[in-house]
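Chemist: show me how the following folds:
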Amino acid sequence: MSAPSSSSPGVTTAPHSERASAGGLRERRSLWEVQNAWDDGTDTQTLDTFITAWEGITKLDHKDPNSFFTIAGYHGEPFGGRKLVDGEFGWGGWCQHGGVLFPLWHRLYVLRLEDALRNQPGCENVAMMFWDEASVESRERGIPHILTDPTFQFKSGPRKGETIKNPICSYILPVALADPADLDPGQAGGAPVYVKPRGYETKRYPQSGLMGPKDIKKTEKHNEKYADPISNVGILNSNILQWLNEGYPIYTYNSRGKKVRQNSANVVGLYIACLDAPNYAVFSNTTSARNYNKDNGTAVVPLEKPHDAIHLAVGGFDYPKYYRAANISFANGDMGENNTAGFDPIFFFHHCFIDYVFYRWQVKHNVLNAQTFEIETLWGGINTGGKNTNDQDIGQGPSQGQDFDEILTANSTMGPFQFPAGSGVIAKARDGIDLKALGYTYGKGSLDPYSQPPSAAAFAAAEDAPAPDTVIKVTGINKAQVTGSFVIAVYATIDGEEELVGFEPVLSRWDPQYCANCQTHVEASSYIAVPHDLAKRTLITSPVREAVASASHAVHAVVAPESAAATDEAIPIHVQVYSRQGKLDHGPVAQFSAAALRKPNGVEKIQVKIVHPRAQAK
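Modeler: You can find the predicted model right below:
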């Protein structure tokens, strides 16, 4: 699927300070556009000033409220303000994931960083920039080089000709990070499992940033093989191109022990698809989308799904011998872990793009202000982790400053952010709805053509569009039992060979068992639309009578002819969950049950359901 370019090299553009004054709103531009203008000399001031501001916040004392360390730490470690709940769990940072506040909280998060940048002397007109991940440039070149160049040389102003360490390439921790709640009982006196020492420099694929006592030696040995920054950038960009254009590369072993590489849906396609989400709740997060898809037999894509994919693409993710989201094993960078993702500067350019996609969804659905915007609670909102009358999991999970039994609405608190900035008043969710009230807008981006408000006829046609022929539902996976991020993968066995149907990366905490926020929405699930050609070859060839469960090495639902039990004609659907602890679909503790249902004569859509799996770490 093609996407338009977000910039035109060689075209002279006004300096950022001039463009920001138009209409009274500062304009957030594509980093590709700004970089191209800097490269060809048509505008060097914008990027020079931006780098000056970013360097400034990294040099502030780490306790300064405007320091990069303080702001980056809002997302995960060092878990400032952690408090115990019920004497057992602590709040795991401020960030919102898996809930309806995900886009709104991260919008205010990027704004908080932007305010800190604008607070630097001489940088009052700076605006944040977005890495346009769906642009032609990204699909052809990967990450803008300004995010990967180890040094930066100023081209304008009083610092012209000066070369510095590039502050948006990586970040060096001024103090150590370690969560005292995350202890390894195998260590004498207990030792944090997920740690980062003082002086640690953030890592991206293909390097590893695992520094815990059980991983440090392996990390050092692995990184010795990837010590050349220039070579590493080439490897990283190759991985990004794979994810954006062809899908996530997955390496598994089939029933004969043969190594197999397959791909899932490409990330650019997921970004485009999420713009069609019918309401904000379903668009905003995986929990609400899961419930909506359960009710409607659909596979609507939430914004959080491609968001998670890019985290794992930049950070890398590896489970040796069974799965890796890249070509190189043991590549485990910071972007792949919620705990320290915010300390990699690329995080904010990624989330600025996520905010751009959110804005384009608002444009398409004409919900640009608080008067037209609605946070639906039918498919998510209550943060207790309970069930509604339709037996839906509607728990979203409170963060710091929120309580159990609190319904997430436009009036929910969005700590630690203040609105207006510096007022001492904690922001509400409604404060993040209207970009004009926040003082900024977005320049041209690659998704503009896909997010124009539809005509009445087009809207009616979309409402009547049929659901996918086949949707595979995977539910009941307990994130509290999994260390770090993981992947849900679904396969069909055809002619004796496993063929990937689809899979979903899940960005998670390293220690969710100690995080009260995580504990309130611990279930992970996936709704995967089966490609039409695969469905035609397999599932819709005969009516489905039942599915059988297995606790062996591959959990599967067997789709069999109505008149026969599971035979050689059956098409097994395998569900595997890959984590760094191992595959979570085998062993005596993994009890899966499944039901595959379809009405005869091909009139009704097929649903293959994997229900109530009790996946736990082996």
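
Chemist: got the CA positions of whichever strand or helix holds K294 in CSV?
Modeler: Assessed by DSSP states H and E, K294 sits inside helix 286-296. The C-alpha atoms that make up helix 286-296 are tabulated as CSV, following Å, rounded to 0.1, in the frame of the first residue of the first chain:
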residue,chain,number,x,y,z
THR,A,286,-6.5,-2.6,22.6
THR,A,287,-8.8,-3.4,25.5
SER,A,288,-11.8,-1.5,24.0
ALA,A,289,-11.1,-2.8,20.5
ARG,A,290,-11.0,-6.4,21.9
ASN,A,291,-14.5,-6.0,23.4
TYR,A,292,-15.9,-4.3,20.3
ASN,A,293,-14.5,-7.0,18.1
LYS,A,294,-15.9,-9.7,20.4
ASP,A,295,-19.4,-8.2,20.1
ASN,A,296,-19.3,-7.6,16.3
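
Chemist: contact partners for the nearest residue to N232 once chain neighbours are set aside?
Modeler: Leaving aside its sequence neighbours, N232 sits nearest to Y226 (Cβ to Cβ, 6 or more residues apart in numbering; 5.5 Å). C-beta: built from backbone N, CA, C; applies to glycine. Residues counted as contacts of Y226 (Cβ atoms under 8 Å, 6 or more residues apart in numbering) are 206-207, 232, 235, 328.

Chemist: coming back round to it: what packs against the helix holding K294?
Modeler: Here helix 286-296 touches helix 280-284, helix 304-315, strand 470-478, strand 523-529, going by 3 or more Cβ pairs under 8 Å, 6 or more residues apart in numbering; DSSP states H and E.

Chemist: what's the shortest one in contact with?
Modeler: With contacts defined as Cβ under 8 Å, 6+ apart, helix 280-284 is touched by 99-104, 274, 277, 288-289, 292, 300, 302-304, 361, 365, 367, 373-381.

Chemist: what subset of those residues is buried?
Modeler: In the contacts of helix 280-284, burial by neighbour count holds for 99-104, 274, 277, 288-289, 292, 300, 302-304, 361, 365, 367, 373, 375-381, counting by 16 or more other Cβ atoms under 10 Å.

Chemist: re earlier: what mean pLDDT does the helix holding K294 get?
Modeler: For helix 286-296, mean pLDDT is 83.

Chemist: quick one, it and helix 304-315 angle?
Modeler: Counting by axes from the mean of the first three to the mean of the last three Cα atoms, to 10 degrees, helix 286-296 lies at 140 degrees to helix 304-315.

Chemist: give me the buried positions along helix 286-296.
Modeler: For helix 286-296, a neighbour-count test (16+ other Cβ under 10 Å) marks 286-294 as buried.

Chemist: widest-spaced pair of those residues?
Modeler: Farthest-apart pair in the buried residues of helix 286-296 is T286 and K294; separation 12.3 Å (Cβ to Cβ).

Chemist: would P416 count as being in a helix?
Modeler: No: counting by DSSP: H, G, I helix; E, B strand; the rest coil, P416 is not part of a helix but strand.

Chemist: what about the residue nearest to it when sequence neighbours are not counted, distance to R112?
Modeler: Sequence neighbours aside, W94 is the residue nearest to P416 in space, at 5.7 Å (criterion: Cβ to Cβ, 6+ apart). Separation of W94 from R112 (Cβ to Cβ, to the nearest Å): 10 Å.

Chemist: and the two? Which one has more around it.
Modeler: Legend: neighbour count by other Cβ atoms under 10 Å for W94 and R112, higher for W94 (22 against 19).

Chemist: let me see the ranges of the helices in the stretch 51-200 of the chain.
Modeler: Ranges of helices in the stretch 51-200 of the chain, per DSSP state H, counting those that start in this stretch, are 68-72, 102-118, 136-141.

Chemist: so which of these gets nearest H311?
Modeler: H311 sits nearest to helix 102-118 of all these, at 12.2 Å, using Cβ to Cβ.

Chemist: now the closest one against helix 286-296, angle please.
Modeler: Orientation check (the same axes, to 10 degrees): helix 102-118 against helix 286-296 gives 160 degrees.
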